[in-house]
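S.K.: below are the sequence and a predicted model; questions follow.
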Amino acid sequence: TGTSRATPICAGAAGVVRQYFMEGWHEQGYANASAAVTPSAALVKSTMIHGGRPMRWQEPSGVWVDSRTRIGPTISYGYGLLDLSSVLWFGNGSSFAMKSYDDVAVTEGQLLTYCFNITGNATDFRVSIAWTDPPGTPGAAMSLVHDLDLTVVDASGAWHFGNALHTSDETYTSVPHRDVVNNAEQVTLEAPAQGQVTVRVGGVDIANSATQKFAMTVTGNYQAAEVCSGGTPTCMNDCSGHGTCSTAGVCTCDVAYRGEDCSLDVPLLPGDGTAYTAHVTSGGWSYYRLVTYSTSAVFGLSFAGTSQNVGDADVYLMWGAKPTLAMYDGAIVDAGSSGDWSDIQYAGTWVVGLFAYCCDDVHVDFTLTVTGEEASSSSSSSSSSSSSSLEPSSSSSSSSSSSSIDGSSSSSDSSSSSSSHSSSSSASSSSSSSSSSASSASSSSSSSSSSSSSSSSSSSSSSSSSS
């Protein structure tokens, strides 16, 4: 059992998928030499993960139980148990329609749309995309180089994001968010309502070439629509009036708001030295603000795991914008869940990003102290034990080995090198399967890195760690 059996079974299944297309079965449900195509690696992968179905466990009574908490891949078994009969179409012998797209090129900032009229709900409507990503940079915080974005807008107008990722924190519950770390995404609509469904693929970040090719697989009870009757939706809720919508269909939120539609507040941390308890679920982000108004103001920020802390809390700091794995002014991302910055003197809005690295939820206490001006409710939180003086860089890149904001961590390896983890569903989870799991075809996720950026920024620190 386990990978010793899943790997050869999936390898053999990949050969079957390749044969299916090379013998032209996909056109009319039977072998047709004139329709034969050589599938790309991306099409083989999208077909494989598309055939994944939820894995179950068996109770002592013999009853099989589906223990999923959401629709989509999980960190436990990736995209699920491989079942090619649920994706390879054989005409009247199949209870669903299947359509595949291969070598589709998308440019940065481009949004491609496909519409389908749902004719029945006997089977789920599912869309999977995959692409062969360019090689990344060793040691970079982000393994993914080109970021494509799959979204589906169903007949009711509800939005569904690739891989069905959700984050909860101390303020909001089950907030959906885009997948920005994997090169495979999937959306499943269970028992979908009849009506038109819009499938969108956006070229969010394609930096290393003019285009990125991808493959897409679609199954369900539907008819492909030549025209999208409801028009083409751009951004969810038009960014709620708190952000700007990119041509790729992604909101860039104002600094005080977050969420895919910019509808959620970024809370202010108290600047009087009182603890603020924060929480975020596995693989998710939560954000907090602090504001200093005087050029003579100095703040310190610290964090420490609470009694509930069960994972690895990574904390990022950025001036004037929300930090990401690829862009920040300072970070403490070692294997522990405590650290601090101190003596930071630069007026304006700072955003603290709490990221739950890998496979568990995290709980931390932030403590902010502000001196040099009267601390008000506008000042945000967290005290610290290391000192650093900085001028934030205008463009931060996590691939740099130095930091514009040095911080100290209680862990001895706070400057540890970055590592890469395989993931199907979150920024840092590894997927494993106890049977022939499609998770062996799962995408590679990025890992946290202890390096941070320093574009023409000055830093001085009394700590020995730079993250």
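M.R.: Structure received.

S.K.: need the pLDDT of residue 393.
M.R.: pLDDT for residue 393: 55.

S.K.: sorry, slip of the keys, the one I care about is residue 64.
M.R.: pLDDT recorded at residue 64 is 83.

S.K.: can you give me the distance of residue 143 to residue 325?
M.R.: 10 Å (CB to CB, to the nearest Å). Every residue, glycine included, has its C-beta placed from N, CA and C.

S.K.: of those two, which one has the most company?
M.R.: Between residue 143 and residue 325, residue 325 has the larger neighbour count (other CB atoms under 10 Å), namely 28 against 25.

S.K.: the more buried one reaches residue 181, doesn't it?
M.R.: Yes. Counting by CB atoms under 8 Å, residue 325 touches residue 181, with 7.4 Å between them.

S.K.: what is the burial count for the residue lying closest to residue 121 once chain neighbours are set aside?
M.R.: Take residue 121 and drop its neighbours on the chain: the residue closest to it by CB to CB, 6 or more residues apart in numbering is residue 191, 4.3 Å away. Using other CB under 10 Å, residue 191 is surrounded by 10 other residues.

S.K.: so residue 191: helix, strand or coil?
M.R.: Recorded secondary structure, residue 191: coil (DSSP: H, G, I helix; E, B strand; the rest coil).

S.K.: any idea how far it lies from residue 225?
M.R.: Taken as CB to CB, the span from residue 191 to residue 225 is 20 Å.

S.K.: then residue 363?
M.R.: Distance from residue 363 to residue 225, counting by CB to CB: 47 Å.

S.K.: quick one: which of the two has more around it?
M.R.: For residue 363 versus residue 225, neighbours defined as other CB under 10 Å are more numerous around residue 363 (21 against 14).

S.K.: who does whichever strand or helix holds that one pair up with?
M.R.: Taking DSSP states H and E as the definition, residue 363 sits inside strand 362-371. If you go by DSSP bridges, strand 362-371 pairs up with strand 272-280 (antiparallel), strand 298-305 (antiparallel).

S.K.: beyond the longest one, next helix or strand please.
M.R.: Going back to what we said before, that points to strand 272-280. That would be, after strand 272-280 and using DSSP H and E, strand 285-292.

S.K.: hmm, who's touching that next one?
M.R.: Identification of contacts with strand 285-292 by CB atoms under 8 Å, 6 or more residues apart in numbering yields 167, 169-171, 177, 255-256, 258, 266-269, 271, 276, 278-280, 299, 301, 322, 346-355, 366, 368, 370, 372-373, 378-382.

S.K.: could you export that strand as CSV, CA atoms only?
M.R.: Below are the C-alpha coordinates for strand 285-292, written out as CSV (Å, rounded to 0.1, in the frame of the first residue of the first chain):
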residue,chain,number,x,y,z
TRP,A,285,-2.8,34.1,5.5
SER,A,286,-4.2,36.6,7.9
TYR,A,287,-3.3,40.3,7.8
TYR,A,288,-3.0,43.1,10.4
ARG,A,289,-2.2,46.8,10.2
LEU,A,290,-0.1,49.2,12.3
VAL,A,291,0.2,52.9,11.5
THR,A,292,2.7,55.5,12.7
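
S.K.: could you shift the numbering so residue one becomes 6, and keep it that way?
M.R.: That works, and once the first residue is 6, the last one we named lands at strand 290-297.

S.K.: quick one, that strand and strand 367-376 angle?
M.R.: Strand 290-297 and strand 367-376 are oriented at 10 degrees to each other (axes from the mean of the first three to the mean of the last three CA atoms, to 10 degrees).

S.K.: so for strand 290-297, mean pLDDT?
M.R.: pLDDT averaged over strand 290-297 gives 95.

S.K.: do stretch 182-190 as well
M.R.: Mean predicted confidence for stretch 182-190 is 95.

S.K.: pull out the buried residues from that stretch.
M.R.: By neighbour count with 16 or more other CB atoms under 10 Å, stretch 182-190 contains the buried residues 182-190.

S.K.: can you put the residues you listed in CSV and add distance to residue 63 and secondary structure?
M.R.: Below are these laid out as CSV (distance: CB to CB, whole Å; DSSP: H, G, I helix; E, B strand; the rest coil):
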residue, distance to residue 63, secondary structure
182, 33, strand
183, 35, coil
184, 31, coil
185, 36, coil
186, 33, coil
187, 30, coil
188, 33, coil
189, 29, strand
190, 30, strand
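
S.K.: which of those residues sits closest to residue 200?
M.R.: Nearest to residue 200 out of these is residue 190 (CB to CB; 22.7 Å).

S.K.: gap between that closest one and residue 95?
M.R.: Distance of residue 190 to residue 95, given as CB to CB: 26 Å.

S.K.: right, and residue 29 touches residue 38 too?
M.R.: Yes. Here residue 29 reaches residue 38: they are 5.9 Å apart, a contact under CB under 8 Å.

S.K.: more neighbours: which of those two?
M.R.: residue 29 (16 against 8).

S.K.: need the contact list for that one.
M.R.: Residue 29 neighbours (CB under 8 Å, 6+ apart): 36-42.

S.K.: go again using 10 Å as the cut-off
M.R.: Applying CB atoms under 10 Å, 6 or more residues apart in numbering, we find residue 29 in contact with 35-42.

S.K.: my guess is residue 41 contacts residue 23, does it?
M.R.: No. Counting by CB atoms under 10 Å, residue 41 does not reach residue 23; the two are 11.2 Å apart.
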